[in-house]
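In: Have a look at this fold, sequence not included:
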């Protein structure tokens, strides 16, 4: 591997979308650093993602459409990237790159799904899909939090975005003399909209809600950090041979502004099949390889193109691996062909237990958008997607439907495959309700744990080596340490940044409900049910089970005489010594 091959620094923000940047026409957001970068970058202006967090990340990291990788939701065990997928950091690591991720991963919190299992040699990240979600370290509030550093908890001083950029820059400096891939993946500006008041206060003169001001303030903080990053690359004399990329993961969240927020003339927000749900910024600059002349590329492209493009730019051959996306390198070098105008790109929003054909879908070809099978829009005359012209163009509708059928066949071939948790390999697994195959209500954040909300369901489990296993059922995470049935005693709760935490978000950090739990129940498919009585001071309920190799469904529940029944929010599974 030659150092002449480029470095990659990839910055991806969460729920920002395309509109809230000054260079994209927002009337008052303060993003001077991103605007300057935009003015010097190659800009893909018709680039599309999945419509939510984890699905986009699955496609970016594999070059495969998200539904085919097992990732079509953000919770419910449908955000776990199947372990056989060949990932971008794995590919680059195999080619001699140093690889690091800093911030959000959201493709699995247990082996073999963690970032350090998927090719990242250095990984500093929060749990789940965001800070304060259920898999995250208990009590994280964006300020002075505990993150996982290659799987081990470590406390960091500072605001989350500042920490992730700072740690990324330390990684860059450490590996300045060898090729590296540095992914800075902010959880901001995803809610809760916690940010230092000085950033919120920048928008005091705008006639907007406090929530929207906080959302924009989080973006301004990202912008400042992006400026720090560019300055560091220049200081280390790495800027010329570094591919620097800025992207968001999906359309912007409503963030208090809803449909009234500036949306660059597009219809829809995060989760929508309309343009505003999945058109995202994709800015790239690489002076040594692309020159220093800014360019706009209007060709339709998408998130599954990301991995094949970067591998070609870095001269890393994929070998026998294939992609659903295509390399965009020819477009970067100004080449054109009829192929690009004929190409179709498909995205959808599932957010259900199992994919549903045509659900919240969009088929794109050149200027056309077929939404939800029956709505056709021509963006050249109707960028806001207000006029359904399907009846005027039945041939286009038929063509796009046929393209979707091909795409769905690709996805459906994988849809019924399970993505289990693996035990019997010497590693602990923590089953969390965030990943529960739920029968209804899902408990996926720490506010719901505090409130003792009920949820029921099961986890898929694969035993790789037969043995005896301990299942420890908890209502509270191990680092909190409270009794199963108890509320959090006064004076024993976490402290949080009361100035920075958004109004309405204190539910993540204070208050709790006692649960009248008297019994723990463990059901494993094919085995007799087990029960244990719970005493008032018990923090865990422990079961020991002999399991042969094979696949199982696990239900671990708490119940009370009054009829309360809920899945245990945290279940630690460990292999016992023979």
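Out: Nice, thanks for sending it over. Predicted, not measured: the structure shown is a model, and the values here were computed from it. Numbering: from 1, shown residues only.

In: Would you map the helices across this protein?
Out: 32-40, 53-62, 88-94, 160-174, 197-200, 210-235, 275-278, 287-290, 306-313, 329-332, 338-342, 394-415, 446-451 (DSSP state H).

In: any chance of the ones you listed in TSV, with mean neighbour count too?
Out: (Glycine included, C-beta is placed from N, CA and C.) Converted to TSV, those look like this (neighbours: other C-beta atoms under 10 Å):
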stretch	mean neighbour count
helix 32-40	18
helix 53-62	29
helix 88-94	21
helix 160-174	21
helix 197-200	17
helix 210-235	22
helix 275-278	29
helix 287-290	16
helix 306-313	22
helix 329-332	18
helix 338-342	11
helix 394-415	15
helix 446-451	21
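
In: In CSV, list the ones you listed along with distance to residue 566 and mean pLDDT.
Out: Below are the helices of the chain laid out as CSV (distance: least, C-beta to C-beta, whole Å; pLDDT from 0 to 100):
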stretch, distance to residue 566, mean pLDDT
helix 32-40, 44, 98
helix 53-62, 25, 98
helix 88-94, 37, 98
helix 160-174, 30, 98
helix 197-200, 36, 98
helix 210-235, 30, 98
helix 275-278, 33, 98
helix 287-290, 54, 96
helix 306-313, 40, 98
helix 329-332, 51, 96
helix 338-342, 52, 91
helix 394-415, 29, 92
helix 446-451, 10, 98
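
In: Reformat these as CSV; add distance to residue 323.
Out: Supplementary listing: the helices of the chain in CSV, determined by distance: least, C-beta to C-beta, whole Å:
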stretch, distance to residue 323
helix 32-40, 27
helix 53-62, 8
helix 88-94, 11
helix 160-174, 26
helix 197-200, 39
helix 210-235, 28
helix 275-278, 19
helix 287-290, 21
helix 306-313, 5
helix 329-332, 13
helix 338-342, 15
helix 394-415, 12
helix 446-451, 37
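
In: So which of the ones you listed is nearest residue 573?
Out: helix 446-451 (19.0 Å; C-beta to C-beta).

In: Among the helices of the chain, which comes closest to residue 110?
Out: Among the helices of the chain, the nearest to residue 110 by C-beta to C-beta is helix 53-62 (14.9 Å).

In: For that closest one, name the packing helices and strands.
Out: Here helix 53-62 touches helix 88-94, helix 306-313, going by 3 or more C-beta pairs under 8 Å, 6 or more residues apart in numbering; DSSP states H and E.

In: Looking at these, which is nearest to residue 506?
Out: Per C-beta to C-beta, nearest to residue 506 of the helices and strands packed on helix 53-62: helix 88-94, 36.6 Å.

In: still on that earlier bit, which one of the helices and strands packed on helix 53-62 lies closest to residue 491?
Out: helix 88-94 (43.4 Å).

In: list the helices and strands the closest one packs on?
Out: When contacts are defined as 3+ C-beta pairs under 8 Å, 6+ apart, helix 88-94 sits against helix 53-62, strand 98-103, strand 180-185, helix 306-313.

In: can you tell me which of those comes nearest to residue 472?
Out: Taking the helices and strands packed on helix 88-94 one by one with C-beta to C-beta, helix 53-62 is closest: 27.1 Å.

In: Would you mind getting the angle between that closest one and helix 306-313?
Out: Note on geometry: by axes from the mean of the first three to the mean of the last three C-alpha atoms, to 10 degrees, helix 53-62 and helix 306-313 are set 30 degrees apart in direction.

In: Quick check: can you list the domain ranges of this structure?
Out: Domain segmentation of the chain under automatic domain parsing yields 9-337, 347-411, 421-575.

In: Show the end-to-end separation of the last one, please.
Out: Okay, so that is domain 421-575. 13 Å (C-alpha to C-alpha, to the nearest Å).

In: hmm, back to that, could you say which of the domains of the chain is packed most deeply?
Out: domain 9-337 (a mean of 21; mean count of other C-beta atoms under 10 Å).

In: For stretch 458-478, give the mean pLDDT please.
Out: Mean pLDDT, stretch 458-478: 98.

In: Give me the distance between the two termini of that stretch.
Out: End residues of stretch 458-478 are separated by 21 Å (C-alpha to C-alpha).

In: I appreciate the help and will end here.
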